[in-house]
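Here is a sequence with its predicted model. Questions after.
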Amino acid sequence: MEGYIRCSELVGQLDQIQEGNVVYVVSDVLELAKQAREHGERFDRDLFLDSLQKKVGKTGTLLIPTFNWDFCKGIAFDYKRTPCRTGALGTAALNREDFVRTKHPIYSFAVWGKDRSWLFEQDEPNCFGENSIFDYMYRKDARALVIGLDAMDGLTFMHHVEQMVGVPFRYHKIFAADYTDWNGRTARKEYSMYVRDLNMDAREQSKPFSRLLEQLNISRTRVLNQVPFRTVLLRQLYTLEAMDIQFNDSRNLYCYKGQKKKEQRCCV
């Protein structure tokens with residue numbers, strides 16, 4: 001087992017992330033903070049973000065989720081005040097001037113790096129489809145860095161694949177609420193999401209798919225300070241998930257009403 005590594009040096013151990021990469025960071029840093037405390041160190045979120053920046057360099061781009069689903073309930077979104085509901089790193093990134101928040105009221109990201117300005121200018125009303133930030137990840141051959149979680153936990157990119165290919169247990173739904181932009185202007189806006197059909201009783205069972213990702217080296221895991229760091233190649237994940245949807249009835253990812261009853265099999 002590897003010895004304890006200082007928090008600011010952890011990302012430097014990850015060979016699957018290189019300068020110039022687009023990296024989508026999904027994280028639960030609670031265990032990292034616990035390990036740091038046990039070794040006489042404080043987990044500094046800003047230093048950790050600095051280390052991510054250093055890893056991808058100025059030619060790379062970082063995307064930290066700052067999602068908030070209140071807009072789906074008709075609750076007004078305020079670009080500057082609506083909080084991040086997806087973890088400590090997203091909250092820390094929103095408090096920094098070198099990151100900028102994208103405009104989507106549900107699936108916003110704090111972004112840094114080469115594509116920072118371009119991503120800020122985008123305002124695609126569709127959550128997961130063509131021209132969404134998840135489509136950008138596919139086109140840029142991005143990789144996800146999943147920290148402290150299973151490879152598929154919180155990996156919202158999977159819903160982009162579902163929408164682009166089409167699944168029977170989701171449909172398009174429009175949400176509307178007041179939207180206050182970065183200049184303080186408020187207007188009524190609409191955004192659409194490919195939502196789950198509750199009548200289909202679709203339940204995620206992503207462990208089989210996570211195992212496939214590992215077997216095919218689409219996902220690679222490095223355990224540092226007793227915490228898994230998983231690097232996932234998103235374009236390859238797209239291909240594998242699309243095959244599972246088209247040829248295996250999504251069995252490696254979901255069970256749902258009306259799913260064909262036949263023996264589960266690998267889709268490759």
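All right, it came through fine. Numbering: from 1, shown residues only.

With adjacent residues omitted, what lies nearest to residue 231?
residue 16 (3.7 Å; CB to CB, 6 or more residues apart in numbering). Where you see a C-beta, it was placed from the backbone N, CA and C, and this is true even at glycine.

Just the helices from the protein, written as ranges.
30-38, 45-56, 88-94, 116-121, 133-139, 157-165, 207-215, 234-248 (DSSP state H).

burial of residue 188, as a residue count?
9 (other CB atoms under 10 Å).

circling back: got CSV for the helices of the chain, with mean neighbour count, mean pLDDT and distance to residue 182 too?
Below are the helices of the chain laid out as CSV (neighbours: other CB atoms under 10 Å; pLDDT from 0 to 100; distance: least, CB to CB, whole Å):
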stretch, mean neighbour count, mean pLDDT, distance to residue 182
helix 30-38, 16, 95, 31
helix 45-56, 18, 98, 21
helix 88-94, 21, 97, 12
helix 116-121, 13, 98, 9
helix 133-139, 21, 98, 17
helix 157-165, 20, 98, 25
helix 207-215, 18, 94, 37
helix 234-248, 18, 97, 28
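
List just the one of the ones you listed that sits closest to residue 20.
helix 45-56 (6.8 Å; CB to CB).

what comes into contact with the closest one?
7-12, 14, 17-23, 25, 29, 32, 62, 64, 88-89, 92-93, 96, 98-99, 112-113, 145 (CB atoms under 8 Å, 6 or more residues apart in numbering).

Just the buried residues from the residues you listed, in ChimeraX please.
Buried members of the contacts of helix 45-56, defined by 16 or more other CB atoms under 10 Å, are picked up in ChimeraX with:
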select :7,8,10,11,14,17,21,22,23,25,29,32,62,64,88,89,92,93,99,112,113,145
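
In strands, which of the contacts of helix 45-56 fall?
Members of the contacts of helix 45-56 lying in strands (criterion: DSSP state E): 22, 23, 25, 62, 64, 112, 113, 145.

which residues pair with the last one across the strands?
So that's residue 145. Residue 145 forms beta bridges with residue 25, residue 231, as assigned by DSSP bridges.

so what pLDDT did it get?
Note on residue 145: pLDDT of 98.

if I pick it, what's in contact with it?
When contacts are counted by CB under 8 Å, 6+ apart, residue 145 touches 14, 17, 23, 24, 25, 26, 27, 52, 229, 230, 231, 232.

Report the contact partners of residue 82.
So residue 82 contacts 68, 70, 105 (CB under 8 Å, 6+ apart).

Could you measure from it over to residue 127?
16 Å (CB to CB, to the nearest Å).

repeat for residue 195
Counting by CB to CB, the gap from residue 195 to residue 127 is 9 Å.

The two: which is more packed in?
Between residue 195 and residue 127, counting by other CB under 10 Å, residue 127 is the more crowded of the two (24 against 15).

Do you know the pLDDT at the more buried one?
With respect to pLDDT, residue 127 scores 98.

cool, the one 3 residues further on as well?
We note a pLDDT of 97 for residue 130 in this prediction.

before we move on, what about residue 258?
According to the model, residue 258 scores 89 on pLDDT.

Now do the contacts for it.
Taking CB under 8 Å, 6+ apart as the test, what residue 258 contacts is 168, 200.

What about it? Give its phi and psi, please.
Per-residue torsions, residue 258: phi 90, psi 0 (degrees, to the nearest 10).

For PyMOL, what selects the buried ones among the contacts of residue 82?
Under the burial definition 16+ other CB under 10 Å, those of the contacts of residue 82 that qualify are selected in PyMOL by:
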select buried, resi 68+105
